[in-house]
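A.B. asks: My questions are about this predicted structure, shown below with the sequence.
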Amino acid sequence: MIYRPEEPLRLWDTWLFRAPDGLFHLFHIERSPERANSYIAHVTSSDLLTWERHAPIYPQGEPGQWDDGNILTGMVFALGEGYAMTHGISQGPHQRNTIMFSDDLYTWRKSGWGPIFQAGPPYNTDPARNFGHVDWRDVFIIPRGEEYEAILCASLPTDEPGTGACIARLRSRDLRDWELLPPLAAPGRYYHMEVPEYFELGGKHYLLFTTGSHTGTQIDLPSRRQSEGTYYLVADQYEGPYELLTEDNLLIGAGEGRFDNYVARVINLEQEWLVYGHMCGPRPTWAAPKVLRQEPSGELWPAYWAGLKGLETGELRSGLTMPEAQKEIRTYGEWQPKAEALTIALQSAGSAFLLPEEAPNLHLSCDIELSRPGRAGVGIRFDGERGIGVLLDARHGELTWGELRPAAGFNLLRRDTVKAPVDVGRRYHVRLLARWEFMDVYLDDRLMFSAVVDGLPPSGRTLLLAEAVEARFGAFRLAELRD
């Protein structure tokens, strides 16, 4: 929801690099109507919010050459006084990888080495043993002293049920000739382990990888069913073993088989780490960055990044009053003002409090406290017939978002649900950012949903929602975001 190219181009597969002068360089594969994955786009930013577009990079070869194919994910790293970029090429069932060089991050030249990081034992090279193709892509380089290591999405040959999905490991002294090593991780429970990435944080070593339930390997977590997105494994040393620290190892993604977010990556800004990636949907976007948080146990989670306030163009509301607009819709219960907040008590059914402000792109924050089990939350973009709702459910211990429709009160047709302890008597801070056809939802500034809301109203009013509950709403703020 931060950056996307103009129509009819499509953004996909992003990688971010911060230059020594502090400028952020974002590279991404761009799809055009003439040819999918046809070139690498390049934009820069000083604040991760406003972007300047530069000349694209065309690494594809002439027809019939080894590099005449769809471009696959890459990454950039510093190399002496210059820079290097890996990227992949897909031709039929085979995936090859190579490298380019640059002195300034703007002009890139091919290495002339042809395909490198070649596949071989112990890794699978037979398309017939891997659903008609060979996984060998998404190279990530790790400088280690005078050597380099590379990890990438691969698979092991197996006649057992399963895919053999793994993260391959290679080693080189010159970036051209690579020694194949045993896999860095092969947990045996995923369809594939795409776009692997390694980093060290707080004495722990992490591997990120992307996969999902849409491939026929359903991933059910304690908090989400049919999850999709980017997951992580943890080790006490680089060589591993990499294991699950928690069964809930989804860093950013979605449930219910939704393809809202897929690839997430990290960047170290010295004072903090950020998680970034792209959101999917009919017209993908570079997602809003999140702060990477680490628990003492080593567990990771993405949090709200304060830099997003730079998207605001003005405050629409601060605090709650009793506008006449609430009478425009028929709901149950009486909303009562109390100490700069609104309260409501309902034995059954639901109620909504309609606020007069209307904005397509907004930043909403609100405190919600439930005094007995039930559901309470907020709605946005209500056009009189439909809207988008987010509800805390203390009865079932979950947070839900979905399509909001007026009925006897309001009904929420759920799109995604995450299990979360919603306790009676505790005050929760809900934060919601909606821009274009995308939405991020935070609970106590922890990311809960990063969702594509395409097909739902693009603009409308804001609501407070309650169902069979006694609830208090306070610290309400609504700001408009730039388009």
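C.D. replies: Everything's here; your move.

A.B. asks: show me what contacts residue 44?
C.D. replies: Neighbour list for residue 44: 23, 24, 25, 26, 51, 52, 54 [criterion: Cβ atoms under 8 Å, 6 or more residues apart in numbering]. Glycine gets a C-beta too; all of them are placed from N, C-alpha and C.

A.B. asks: Would you list the buried entries among the residues you listed?
C.D. replies: 24, 25, 26, 51 (16 or more other Cβ atoms under 10 Å).

A.B. asks: Widest-spaced pair of the contacts of residue 44?
C.D. replies: 24 and 54 (12.5 Å; Cβ to Cβ).

A.B. asks: The lowest-mean-pLDDT helix or strand in the chain pairs with which strands, and in what direction?
C.D. replies: Within the chain, no helix or strand scores below strand 336-337, which has a mean of 86 by mean pLDDT, DSSP states H and E. The strands beside strand 336-337 in its sheet (DSSP bridges) come out as strand 342-345 (antiparallel).

A.B. asks: tell me the mean pLDDT over the strand it pairs with?
C.D. replies: Mean pLDDT, strand 342-345: 90.

A.B. asks: Go through the following helix or strand past that strand and flag the buried ones.
C.D. replies: Sequence-wise, the next helix or strand downstream of strand 342-345 (DSSP states H and E) is strand 350-358. Judged by neighbour count (16+ other Cβ under 10 Å), strand 350-358 contains these buried residues: 350, 351, 352, 353, 354, 355, 358.

A.B. asks: Grab the two from those that are most spread out in space.
C.D. replies: 350 and 358, at 21.8 Å, using Cβ to Cβ across these.

A.B. asks: coming back round to it: and the contacts of residue 44, which of them are in strands?
C.D. replies: 24, 25, 26, 52 (DSSP state E).

A.B. asks: Generate TSV for these, with distance to residue 41 and pLDDT as supplementary columns.
C.D. replies: Formatted as TSV, these follow (distance: Cβ to Cβ, whole Å; pLDDT from 0 to 100):
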residue	distance to residue 41	pLDDT
24	14	98
25	11	98
26	8	98
52	12	97
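
A.B. asks: Residue 181: which of the residues you listed is nearest?
C.D. replies: residue 25 (30.3 Å).

A.B. asks: For the closest residue to that closest one other than its chain neighbours, which residues are in contact?
C.D. replies: Spatially, and ignoring its direct neighbours in sequence, residue 25 is nearest to residue 17 (4.8 Å; Cβ to Cβ, 6 or more residues apart in numbering). Shown in contact with residue 17 (Cβ under 8 Å, 6+ apart): 24, 25, 27, 75, 76, 77, 83, 105.

A.B. asks: Weed out the non-buried ones from the residues you listed.
C.D. replies: Judged by 16+ other Cβ under 10 Å, buried ones among the contacts of residue 17: 24, 25, 27, 75, 76, 83, 105.

A.B. asks: quick one: which of these is nearest residue 223?
C.D. replies: For those, the nearest to residue 223 is residue 75 (29.4 Å; Cβ to Cβ).

A.B. asks: so which of the contacts of residue 17 comes closest to residue 260?
C.D. replies: residue 27 (22.3 Å).

A.B. asks: circling back to that earlier point, in CSV, list the ones in strands among the contacts of residue 44 along with distance to residue 126.
C.D. replies: Formatted as CSV, the ones in strands among the contacts of residue 44 follow (distance: Cβ to Cβ, whole Å):
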residue, distance to residue 126
24, 41
25, 38
26, 36
52, 45
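
A.B. asks: quick one, strands of the stretch 351-483 of the chain?
C.D. replies: 362-370, 375-382, 387-393, 398-407, 409-419, 427-435, 438-443, 446-452, 461-467, 470-481 (DSSP state E, counting those that start in this stretch).

A.B. asks: Over to the stretch 201-350 of the chain?
C.D. replies: Under DSSP E, counting those that start in this stretch, the stretch 201-350 of the chain gives strands at 204-212, 228-235, 250-254, 261-268, 273-279, 285-286, 290-294, 300-303, 312-318, 336-337, 342-345, 350-358.

A.B. asks: do the stretch 1-150 of the chain as well
C.D. replies: Using DSSP E, counting those that start in this stretch, strands in the stretch 1-150 of the chain cover 10-18, 24-31, 39-45, 52-53, 70-79, 82-91, 94-102, 108-110, 137-144, 147-155.

A.B. asks: Most tightly packed of those strands?
C.D. replies: strand 147-155 (a mean of 23; mean count of other Cβ atoms under 10 Å).

A.B. asks: Listing partners with orientation, what would you give for that one?
C.D. replies: Partners of strand 147-155 in its sheet, by DSSP bridges: strand 137-144 (antiparallel), strand 165-172 (antiparallel).

A.B. asks: tell me the mean pLDDT over the last one?
C.D. replies: Spelled out, that is strand 165-172. Rounded mean pLDDT across strand 165-172 is 97.

A.B. asks: cool, stretch 405-424 as well?
C.D. replies: Rounded mean pLDDT across stretch 405-424 is 90.

A.B. asks: buried ones in it?
C.D. replies: Applying 16+ other Cβ under 10 Å to stretch 405-424 flags 406, 409, 410, 412, 415, 416, 417, 418, 419, 420, 422 as buried.

A.B. asks: chain center to that stretch, what's the gap?
C.D. replies: Relative to its parent chain, stretch 405-424 has a centroid offset of 22 Å by Cα atoms, centre = their mean, to the nearest Å.

A.B. asks: Repeat that for stretch 175-186.
C.D. replies: Counting by Cα atoms, centre = their mean, stretch 175-186 comes out at 28 Å from the chain centroid.

A.B. asks: What average pLDDT does stretch 449-466 get?
C.D. replies: Mean predicted confidence for stretch 449-466 is 95.
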